[in-house]
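>>> Turn this into a structure:
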Amino acid sequence: MLVKTYAAAVQGISATIITIEVNTSKGIQFFLVGLPDVAVRESHERIVSALQENGYKFPRSRIVINMAPADIRKEGSSYDLPLAIGILAGAEMISSEKLSQYLLMGELSLDGTLKPIKGVLPIAIKAREAGFKGFILPQQNAREAAVVNQLDVYGVTNIREVIGFMDGKEELEPTRVDTRKEFYARQLQFDDDFSEVRGQENVKRALEVAAAGGHNLLMIGPPGSGKSMMAKRLPSILPPFTLHESLETTKIHSVAGKIGNETSLMTQRPFRSPHHTISDVAMVGGGSYPQPGEISLAHNGILFLDELPEFSRSVLEVMRQPLEDRMISISRARFTVEYPAGFMLVASMNPCPCGYYNHPTRACVCSPGAVQKYMNRISGPLLDRIDIQIEIVPVPFEKISEQRPAEPSAAIRERVMAARRVQEKRFQDYPGVYCNAQMNSRLLHTYAVPDAEGLKLLRHAMTKLNLSARAYDRILKVSRTIADLEGEEAVRPHHLAEAIHYRNLDREGWGG
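Residues are numbered from 1 along each chain as shown. Prediction:
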């Protein structure tokens, strides 16, 4: 007897429907074809044990299983459930009437219980697009899949429940999630707040400008000046997720297996802080079976690189293209996958190996040329892609000991959101552009044109600091954001002056 069950394979952050065709006939052989990997082929032993533990014998027949389309590699153990149900239906041990209406996914334990799987959200979206009535999967993944409306999602704990449901002997209760209610209820819950930060008003201003325009930021300062502390508070002043952004980010984390059990949608922007020993592949994504890297896991959020010069040169250089294109393409011999990488790069570093170059009270003990050598670990092209470079100095005792709380994150966030609303309106006719940091040269010449006095100031800065054409564009983008924060229609000279001030590493005196 020939029957079909349905599953899905995840490629990139989208899914493809896999049709599992099971044909049973006389004999005692077992064949599994359709480009399965080792984990899929090993499902035979898990299925045999799971069926025996739940009162079913593995059919003594000639079983041929084809996983179509046959040119897509099937990876992982999440095909156990559809394979097991297909085998039982092919042997006429359970009813095959409902098989065409449901997509099945799940890894089987030897006792028949189901274990959680990766990539549930893109699979659920594909199941709805393909017109399936429902999606049956492990209970731990049910809330994540239930985000998708117009699809019945059934979370099950044991294969016995699925068999009973297919035979009409057991009813499954669909999982319901009020997506919008949960999404908006948890959006603004942060552990860290800028009200706890004493002093550093100029750095807070730079962070506000970066958040308002989506600009990349580099903080340079001695140990203990508060670089990491303020970076961790940056998500608290970013605009909240839109539902679309949340769905897109959740898909990436779902594919990478980073979504916690009993979680539906991500409600806060990601903050990724990889260690400086990270490899190229872990940063940008890839591997034998490509997975999203840190730059994709930080999509719609922040990638924080602490101690930037300590990262390997190759790791930093591979980020140059994603910083511009906001997308990473990973090519293999048989296929190419693309992952979104629209992140804000926030980095911190010491000014020299000892950490005290340009310190107001402590002397630098580095040898001549050591500062320049330390700075040269970061290439000029990468520095050019960082819009804001701000120097941090230690907070004096008078500021640290102040009892009066500083401005809270909520107040800063309101100004940031107001500036973002201006940008959304400005770029509504330009698909793919949502903030000033994403402007191309044509948009810059339309919306960030300085007046005669501003051009004179900019010309002087370009000549004195020997800035590149890319740095020129960055200054215009940042000045446009500063103008938006002040509610100004045009870019004024004082906006340009502040933006030029944020090019600290281009000044004389850095690195000798």
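
>>> if I pick Glu171, what's in contact with it?
Phe165 (C-beta atoms under 8 Å, 6 or more residues apart in numbering). (C-beta placed from N, C-alpha, C; glycine too.)

>>> Make sure Tyr35 is actually in contact with Met67.
Let me fix one detail, which is that residue 35 is Leu and not Tyr. Yes. Leu35 sits in contact with Met67 when judged by C-beta atoms under 8 Å, with a separation of 7.2 Å.

>>> what's next to stretch 271-288, contact-wise?
Residues contacting stretch 271-288 (C-beta under 8 Å, 6+ apart): 232, 234-235, 291-298, 301-307, 310-312, 314-315, 318-319, 322, 328, 330, 339, 341, 343.

>>> Return the set of buried residues in it.
By 16 or more other C-beta atoms under 10 Å, the buried positions in stretch 271-288 come out as 271-272, 274, 280-286.

>>> Dump the residues you listed into JSON lines; add pLDDT, distance to Arg413 and secondary structure as well.
Shown next, in JSON lines, are the buried residues of stretch 271-288 (pLDDT from 0 to 100; distance: C-beta to C-beta, whole Å; DSSP: H, G, I helix; E, B strand; the rest coil):
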{"residue": "Phe271", "pLDDT": "95", "distance to Arg413": "15", "secondary structure": "strand"}
{"residue": "Arg272", "pLDDT": "96", "distance to Arg413": "21", "secondary structure": "strand"}
{"residue": "Pro274", "pLDDT": "96", "distance to Arg413": "26", "secondary structure": "coil"}
{"residue": "Asp280", "pLDDT": "93", "distance to Arg413": "35", "secondary structure": "helix"}
{"residue": "Val281", "pLDDT": "92", "distance to Arg413": "35", "secondary structure": "helix"}
{"residue": "Ala282", "pLDDT": "94", "distance to Arg413": "32", "secondary structure": "helix"}
{"residue": "Met283", "pLDDT": "95", "distance to Arg413": "29", "secondary structure": "helix"}
{"residue": "Val284", "pLDDT": "92", "distance to Arg413": "31", "secondary structure": "helix"}
{"residue": "Gly285", "pLDDT": "91", "distance to Arg413": "31", "secondary structure": "strand"}
{"residue": "Gly286", "pLDDT": "86", "distance to Arg413": "35", "secondary structure": "strand"}
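
>>> Run through the chain and note the low-pLDDT ranges.
For the chain, the stretches with pLDDT under 70 are 185-187, 261-262, 397-403, 506-512.

>>> ok so, going back, looking at Leu35 and Met67, which one has more neighbours?
Met67 (23 against 16; other C-beta atoms under 10 Å).

>>> hang on, the earlier thing: right, and out of the buried residues of stretch 271-288, which lies closest to Asp71?
Distances from Asp71 to the buried residues of stretch 271-288, taken as C-beta to C-beta, are shortest for Gly286 (21.0 Å).

>>> so how far is Gln11 from the closest one?
Separation of Gly286 from Gln11 (C-beta to C-beta, to the nearest Å) stands at 14 Å.

>>> ditto for Met166
Here the criterion is C-beta to C-beta. By it, Met166 lies 28 Å from Gln11.

>>> and if you look at Thr263?
23 Å.

>>> Same check on Lys169?
Per C-beta to C-beta, Lys169 is found 36 Å from Gln11.

>>> Settle it for me: which of these two has more neighbours?
It is Gln11, of Lys169 and Gln11, that has more neighbours when counted by other C-beta under 10 Å, with 18 against 10.

>>> Contact partners for the more buried one?
Applying C-beta under 8 Å, 6+ apart, we find Gln11 in contact with 72, 335, 337.

>>> which of those residues has the most neighbours?
Val337 (20 neighbours).

>>> okay but that residue is in contact with Ala9, surely?
No. The criterion here is C-beta under 8 Å, and Val337 misses it with Ala9 at 11.9 Å.

>>> Quick one: the strands in the stretch 351-500 of the chain, in order.
388-391 (DSSP state E, counting those that start in this stretch).

>>> What segments of it are helices?
Along the stretch 351-500 of the chain, counting by DSSP state H, counting those that start in this stretch, helices occupy 370-375, 380-384, 397-400, 409-426, 441-447, 452-465, 469-485, 493-501.

>>> can you pull out the helices in the stretch 1-150 of the chain?
Using DSSP H, counting those that start in this stretch, helices in the stretch 1-150 of the chain cover 38-41, 43-53, 80-90, 120-129, 142-145.

>>> Which among those is found nearest to Leu485?
Closest to Leu485 of the helices of the stretch 1-150 of the chain is helix 120-129 (C-beta to C-beta; 35.2 Å).

>>> Find the nearest non-adjacent residue to Asp192, please.
Arg233 (4.6 Å; C-beta to C-beta, 6 or more residues apart in numbering).

>>> Check Asn149 too.
Nearest residue to Asn149, sequence neighbours excluded (C-beta to C-beta, 6+ apart): Thr179, at 7.5 Å.

>>> For Ser95, see how far away the closest residue to Gly34 other than its chain neighbours is.
Spatial nearest neighbour of Gly34, excluding adjacent residues (C-beta to C-beta, 6+ apart): Met67 at 3.1 Å. Computed with C-beta to C-beta, the distance linking Met67 and Ser95 is 22 Å.

>>> How many neighbouring residues does the closest residue to Gly342 other than its chain neighbours have?
Closest residue in space to Gly342, ignoring its immediate chain neighbours: Arg326 at 4.1 Å, by C-beta to C-beta, 6+ apart. Per other C-beta under 10 Å, the neighbour tally for Arg326 reads 16.

>>> now do Pro396
Pro396 has 12 neighbouring residues, counting by other C-beta under 10 Å.

>>> In space, what's closest to Glu208 - neighbours in sequence excluded?
Ile412 (5.5 Å).

>>> Compute the distance between Phe135 and Met462, please.
57 Å.

>>> more neighbours, the two?
Ranked by neighbour count (other C-beta under 10 Å), Phe135 and Met462 place Phe135 first, with 29 against 17.

>>> Please name the bridge partners of that one.
Taking DSSP bridges, one finds Leu103, Val153 as the beta-bridge partners of Phe135.

>>> How about Ala8?
In beta-bridge terms (that is, DSSP bridges), Ala8 pairs with Ile17.

>>> helix or strand for the closest residue to Leu121 other than its chain neighbours, which one?
Once flanking residues are discounted, Leu121 sits nearest to Ser254: 4.2 Å by C-beta to C-beta, 6+ apart. Assigned by DSSP states H and E, Ser254 belongs to helix 243-255.

>>> neighbouring contacts of that helix?
Residues contacting helix 243-255 (C-beta under 8 Å, 6+ apart): 10, 12-13, 118-122, 125, 144, 147, 179-180, 183, 241, 259, 265-267, 269-270, 291-292, 296-297, 299-301, 339-340.
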